[in-house]
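J.: here's a sequence, model it:
(2 chains)
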Number of protein chains: 2
Amino acid sequence: MKNILLTIEYDGTYFYGWQRQPGLATGQGKIEEALEKLLGQKVEINGTSRTDAGVHALCQKASFKADFGIPVENMKRALNDILSSGETYRGKASAIRITDVREVPDDFHARFNCLGKKYMYIIDQKAEPEIFQRNYAYQLGETLDVSKMRQALKYIEGTHDFESFQAQGGTPRETTVRTIYGAKIYDEGDKLVFEVKGDGFLYNMVRIMVGTLIQVGRGKIAPQDVEKILESKDRQNAGPTAPAEGLYLAEIYFTQEELWKE
Amino acid sequence: MKNILLTIEYDGTYFYGWQRQPGLATGQGKIEEALEKLLGQKVEINGTSRTDAGVHALCQKASFKADFGIPVENMKRALNDILSSGETYRGKASAIRITDVREVPDDFHARFNCLGKKYMYIIDQKAEPEIFQRNYAYQLGETLDVSKMRQALKYIEGTHDFESFQAQGGTPRETTVRTIYGAKIYDEGDKLVFEVKGDGFLYNMVRIMVGTLIQVGRGKIAPQDVEKILESKDRQNAGPTAPAEGLYLAEIYFTQEELWKE
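T.: Now for the predicted structure:
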């Protein structure tokens, strides 16, 4: 029995999220179909993160156990060939791709062994929408006060109860306390990129953070009020949920070393 | 009666080309629907170029005549509002956008007054496909010999019979002689960008040029053989038709001044 860890990137535009759903294109569904074709057996993969429809992944991780003969070093190419041929969208390259396949110790599990994740969110401030970017960045069309947004980050960093930043409808959690190891905002031309690294994220937490930071950048919420929003534990006090298309699952950390190296 | 010239950009991924087709999303179709909503009358627009499914436009032009009261300076915003609300693709921004609306002299016609066009084609040489670019650049995945490709450009430039570079199925033309005013290839990271400016282009001419230049860049066709391919007037001798997703209609020229300014 081999235990295999996959690293996967996908364009969330074309998927109804990560989690398998009957009759719908999902990240997990596409990978499991490809594995069944390759290995001649049904396998269930454990993804680290459930991403919503429209959310992208630069680095999703998923593990599975199976007995099979094909050498692990050949699997990446074989799976990508299957994924490409399966994509019928006007014959273009696949919207999902395996970037790494490796064997891991028997007790490894992509979800349980995850120590932290990094998400990235891209806001496009350009006044006129960029049509070629419309699925890959939130076309806000307004210029934000970045220095105010950066001031607000210090209230997000650290260990807090993030109940105010949790949407209805996610998997029930034992606690809404999470630790944010770091958060930053940088410019790329007209775009603002928000990066946040934490030990875990509640349902829609990053998108609600972004919606709140946008209100800060507009001057509608004062930076220091983010602390009060957290303390209130009331979703109503945070900003709106920013749309899915700006969000990228950027990194998954399985070791303390990886988690702290940046 | 006003004569109006529209400038339009669109992501060709979401359209079955420019030309109106019943029941299919096309560039012309979407713009005509928006105009009908705005002006309360059916209008037929004359686009300068018919682009195929998957081909993008940075600068499509289309003109139409109609009697209406709405001020021309308000039309761009009003049309874009309609185009955005009409796009139901998971609520994201529209895949088509008006970038300019202006009144033109009564005898102006977007197709007949066109003196030349510029197309751009993007080839991605990166070994691993870039999934977020797969609809916006040809994911070739090979490194080409650009200096050989550049040598071949001199045989393309000038006035030639381009019958070898014409696909079946286009509008019948009186002549297959065209003048290429300029062609160049430049690098942008892993990408090669081919730009070609001419007085007109036959059906799939740019994509067959690119397919031929790729064969030159692979060393399968010698640069000087491009001259022989032209002389043969035989499509079989040219390279394959490069895929639609790399192609952009980049400029339309209505005056000699614009045509020669770069």
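
J.: what does the stretch 51-200 of chain A put close to chain B?
T.: Residues of the stretch 51-200 of chain A lying near chain B by CB under 8 Å from any CB of the partner chain: A:53-54, A:56, A:90-97, A:99, A:128-129, A:131-132, A:134-136, A:139. Backbone N, C-alpha and C define where each C-beta goes, glycine included.

J.: how many other residues sit next to whichever residue of the stretch 101-250 of chain A sits closest to chain B?
T.: Distances between the stretch 101-250 of chain A and chain B by CB to the nearest CB are smallest at residue A:134, namely 3.9 Å. By the measure other CB atoms under 10 Å in any protein chain shown, the count of residues near residue A:134 is 22.

J.: that one reaches residue B:84, doesn't it?
T.: No: using CB atoms under 8 Å, residue A:134 is not in contact with residue B:84; the gap is 9.9 Å.

J.: residue A:94 against residue B:128, yeah?
T.: No: applying CB under 8 Å as the test, residue A:94 and residue B:128 come out as separate, 11.8 Å apart.

J.: where is the longest helix in chain A?
T.: As assigned by DSSP state H, the longest helix anywhere in chain A is helix A:72-86.

J.: pretty sure residue A:149 sits in a strand.
T.: No: under DSSP: H, G, I helix; E, B strand; the rest coil, residue A:149 sits outside any strand and is assigned helix.

J.: per-residue pLDDT, it?
T.: If you check residue A:149, the pLDDT there is 98.

J.: same check, this time on residue A:262
T.: pLDDT, residue A:262: 68.

J.: got it, and residue A:170?
T.: 77.

J.: for it, helix, strand, or coil?
T.: Taking three-state DSSP as the rule, one finds residue A:170 in the coil state.

J.: how much space between it and residue A:233?
T.: With distances taken as CB to CB, to the nearest Å, residue A:170 is found 16 Å from residue A:233.

J.: contacts only, for the closest residue to residue A:40 other than its chain neighbours.
T.: In space, and not counting its chain neighbours, residue A:40 is closest to residue A:68: 8.0 Å by CB to CB, 6 or more residues apart in numbering or on different chains. Residues in contact with residue A:68 (CB atoms under 8 Å, 6 or more residues apart in numbering or on different chains) are A:2, A:39-41.

J.: for the residue of the stretch 101-250 of chain A closest to chain B, give me the backbone phi and psi.
T.: phi -70, psi -20 (degrees, to the nearest 10).

J.: quick check: which ranges of chain A have low pLDDT?
T.: Within chain A, the stretches with pLDDT under 70 are A:86-93, A:262.

J.: which residues of it fall in helices?
T.: A:27-39, A:72-86, A:146-156, A:205-217, A:225-232, A:256-260.

J.: among those, show me which one is buried the most.
T.: The highest mean neighbour count among those, using mean count of other CB atoms under 10 Å in any protein chain shown, belongs to helix A:205-217: a mean of 25.

J.: chain B versus the residue sitting furthest away from the middle of chain A, what's the distance?
T.: The centre of chain A is farthest from one residue, residue A:69, which by CA atoms, centre = their mean lies 32.3 Å away. With distances taken as CB to the nearest CB, to the nearest Å, residue A:69 is found 26 Å from chain B.

J.: may I have the phi/psi pair for that residue?
T.: With angles defined as degrees, to the nearest 10, residue A:69 sits at phi -100, psi -30.

J.: and if you look at residue A:218?
T.: Residue A:218 adopts backbone torsions of phi -90, psi -10, taken as degrees, to the nearest 10.

J.: got the contact list for it?
T.: Contacts of residue A:218 by CB under 8 Å, 6+ apart are A:142, A:144-145.

J.: quick check, nearest of those residues to residue B:117?
T.: residue A:142 (34.7 Å; CB to CB).

J.: which one is the closest one nearest to, not counting chain neighbours?
T.: Residue A:142 sits nearest to residue A:125 (CB to CB, 6+ apart), 6.2 Å away.
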